[in-house]
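> Build me a model from this:
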Amino acid sequence: MQLLTWTILAAVTGNSHGQSKTSPYTLVADAGSTGTRMYLFHMLGDAGNEKLDTSDLGKGPALSSFQDKPGEAVTAVRQQIDKAKSIIPAEMWKGVALMIFATAGMRLVDEAKAQAVYEGLRSGLLTADFPFDSDAFVAKTISGREEGVYAFVAANYLSERISTDLVVRSPELMGVMDLGGSSTQIAVAPVAHEGDALQSSLGEGHMYVKSFLSLGMERMRKLTYATTVQDAHWLQRASAKVPNPCAFIGLDDSAELWRGTGDALQCQHVISAILFNESDKCRKHKQGAACLPTHSRKGHQMIKKKNPFKQAKATSDPRFFMISGYVFVADFARWWLRRPGVLPQPAENMIAAEDRQTLSALAKGAMFSNPSLKELRSAAAVLCAGAWTDIKNASSDASSRHKYTSAEKAANRCFELNYIICLLSVGYGFPDDTRPFEMVDAIGGRDVEWTLGAYLLSRSSSQLDIEEGHIGSMATMASSLGLQGDTAMLLMVASIAAVGIIFAVRRRNSKEPCLPGVGGGGGKQI
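Prediction:
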């Protein structure tokens with residue numbers, strides 16, 4: 001509802017979503033759970049021939065780290081602001097908007113403490129020597145849905161499916177799936193036609209977007225390992241030899257009482273059971289829309305729900321860019337399977353022709369950019385069967401190690417690939433034999449960052465409420481009703497008052513979609 005409030009205020013003041021209209025420069029900060037990274041966006045050229053330049057200004061401490069010392073919160077962005085001043089011409093400073101948007105890390109902070117952090121930012125920044133547009137300054141926690149919409153806009157802009165003014169260029173819009181350490185998001189592309197204004201399709205009644213704060217890889221790994229130990233026979237726990245199918249062969253952690261057995265199929269059974277249990281608990285405590293959308297169970301039988309993507313009026317075969325954790329994990333499997341001697345070389349009479357084709361595809365590595373779940377299952381079987389000593393040595397070799405993965409992080413990749421398979425199949429209901437996924441770490445040579453989508457939406461003159469559905473600006477509404485002058489202004493003032501009441505009620509009753517037992521940080525810490 002905050003974005004809706006800004007929409008109506010923008011109709012009166014001409015300022016939308018904190019965006020200044022007097023400068024081609026805008027600053028947007030991603031205040032994540034491990035740091036606060038700021039980007040400078042510079043729009044060049046005339047309308048219809050625009051080019052966007054983006055600068056990464058670096059990373060400061062996480063905003064959430066200041067919850068007990070809010071007066072120091074300005075430290076999170078001070079250096080980035082100084083760098084921005086060195087890039088932006090001084091005569092343009094006063095027209096520059098600064099927007100600081102926090103994600104999962106701050107969503108887990110007590111509301112009173114969070115507001116104190118934002119007040120610390122305002123009092124620390126909006127002093128007499130603040131170089132930028134103080135009226136366009138925004139600092140707030142965005143919802144998981146907002147983050148998902150922003151990522152969707154960014155990905156489709158970079159792939160040239162929408163323009164800088166958010167006009168649809170290609171009706172084949174792509175959804176976005178993001179996977180981090182403690183949360184995951186899915187945004188299904190809405191139905192749109194060439195020439196449409198995209199803003200009208202971003203509301204909740206038009207576009208399916210969900211964020212699950214408790215379904216990130218690290219939180220689920222810890223839960224899976226703890227469950228494996230808890231369900232084991234007491235004698236195995238006593239000898240610290242609980243078989244852990246989700247860990248590499250030979251990997252052990254005596255403090256956690258388990259040893260890795262590298263059995264991908266068994267690992268998927270364990271994760272699936274945990275996802276079922278999490279969903280069952282979620283449905284008992286929340287509305288169904290806040291839980292995993294596709295499957296439930298009756299006894300040991302899996303029951304398919306209707307495709308949740310239909311609720312968003314999406315096409316029957318939605319496609320997705322997969323970013324962050326999806327890419328890092330799948331690419332690790334590609335890296336390992338392409339190493340000499342890793343893939344099995346079975347005799348012709350020992351393996352079916354179809355499986356032989358899968359092995360051939362895995363060896364080439366091309367399928368990892370557009371995989372089917374069946375291929376990912378085969379990749380997981382080979383990856384998890386690897387000896388931990390071999391994987392650790394390869395991951396520690398500076399000349400050959402995987403570009404996204406440290407040796408410490410490599411230990412988790414067996415679990416993570418199996419978790420992705422279960423999330424996509426059990427959680428979202430994708431069939432094994434389709435290819436709706438496109439793994440991307442960049443599009444057109446540029447990283448997919450949701451801050452880009454936030455910037456593009458901030459430029460809209462009719463900013464919509466992407467939280468609650470499509471509501472246009474009051475100025476447009478007044479015009480459509482034939483109202484002018486004082487009458488139109490009265491309508492806008494009355495609307496602002498009504499929105500204030502609605503916002504207060506909905507904020508009290510609203511809940512971020514999640515499953516029980518939320519814990520840990522959030523965002524894209526992979």
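> what's the helix or strand for Arg283?
In this structure, Arg283 sits in helix 264-285 according to DSSP states H and E.
> by contact count, what packs against that helix?
The criterion is 3 or more CB pairs under 8 Å, 6 or more residues apart in numbering; DSSP states H and E, and the helices and strands that helix 264-285 contacts are helix 217-231, strand 295-298, helix 373-384, helix 413-422. Where you see a C-beta, it was placed from the backbone N, CA and C, and this is true even at glycine.
> Any figure for the gap between Tyr118 and Glu146?
The gap separating Tyr118 from Glu146 is 16 Å, by CB to CB, to the nearest Å.
> Which residue of the two possesses the greater neighbour count?
Neighbours were tallied for Tyr118 and for Glu146 using other CB atoms under 10 Å; the higher tally belongs to Glu146 (24 against 19).
> The stretch 351-500 of the chain: strands as residue ranges?
Counting by DSSP state E, counting those that start in this stretch, one finds strands in the stretch 351-500 of the chain at the ranges 437-439.
> what stretches of it score poorly on pLDDT?
Residues of the stretch 351-500 of the chain meeting the criterion pLDDT under 70: 351, 461-500.
> again, only this time at 80
Counting by pLDDT under 80, the low-confidence segments of the stretch 351-500 of the chain come to 351-367, 460-500.
> Check the burial of Pro89 by counting its neighbours.
Pro89, neighbours per other CB under 10 Å, totals 9.
> One more: Ser23?
Counted with other CB under 10 Å, the burial measure for Ser23 works out to 21 neighbours.
> how near is the closest residue to it other than its chain neighbours to Phe332?
The spatially closest residue to Ser23, leaving aside those adjacent along the chain, is Gly95, at 3.1 Å (CB to CB, 6 or more residues apart in numbering). Here the distance between Gly95 and Phe332 works out to 45 Å (CB to CB).
> Which of those two has more residues huddled nearby?
When Gly95 and Phe332 are compared on other CB under 10 Å, the one with more neighbours turns out to be Phe332, at 26 against 17.
> Just the buried positions in stretch 192-208, please.
Neighbour-count burial for stretch 192-208, counted by 16 or more other CB atoms under 10 Å, picks out 192, 196, 198-199, 201-204, 206-208.
> Over to stretch 363-382?
The neighbour-count check on stretch 363-382 (16+ other CB under 10 Å) flags 367-368, 371-382 as buried.
> tell me the domain boundaries of the protein?
For the chain, the structural domains run 9-141, 217-265+326-439, going by automatic domain parsing.
> correct me, but Asn418 touches Asp263?
No: using CB atoms under 8 Å, Asn418 makes no contact with Asp263, being 9.7 Å away.
> Looking at those two, which is more packed in?
Per other CB under 10 Å, whichever of Asn418 and Asp263 has more neighbours is Asn418, with 30 against 21.
> distance of the closest residue to that one other than its chain neighbours from Cys246?
Here the nearest residue to Asn418 in space, its sequence neighbours aside, is Cys267; by CB to CB, 6+ apart that works out to 4.4 Å. For Cys267, the distance to Cys246 (CB to CB) stands at 4 Å.
> shared neighbours, these two?
384, 414-415, 418 (CB atoms under 8 Å, 6 or more residues apart in numbering).
> Which two among those are spaced furthest apart?
Pairwise distances across these (CB to CB) peak at 8.6 Å, for the pair Cys384 and Phe415.
> Mind listing the shared neighbours of those two?
In terms of CB under 8 Å, 6+ apart, Cys384 and Phe415 are both contacted by the residues 246, 267.
> what sits against Ala264?
Ala264 makes contact with 245, 377, 380-381, 383-385, 414, 417-418 under the criterion CB under 8 Å, 6+ apart.
> can we see that at 7 Å?
Residues near Ala264 by CB atoms under 7 Å, 6 or more residues apart in numbering: 380-381, 384, 418.
> what does Glu147 give?
103, 185, 211, 450.
> The first one touches Ile142, doesn't it?
Yes: with contact defined as CB atoms under 7 Å, Thr103 reaches Ile142; the gap is 6.5 Å.
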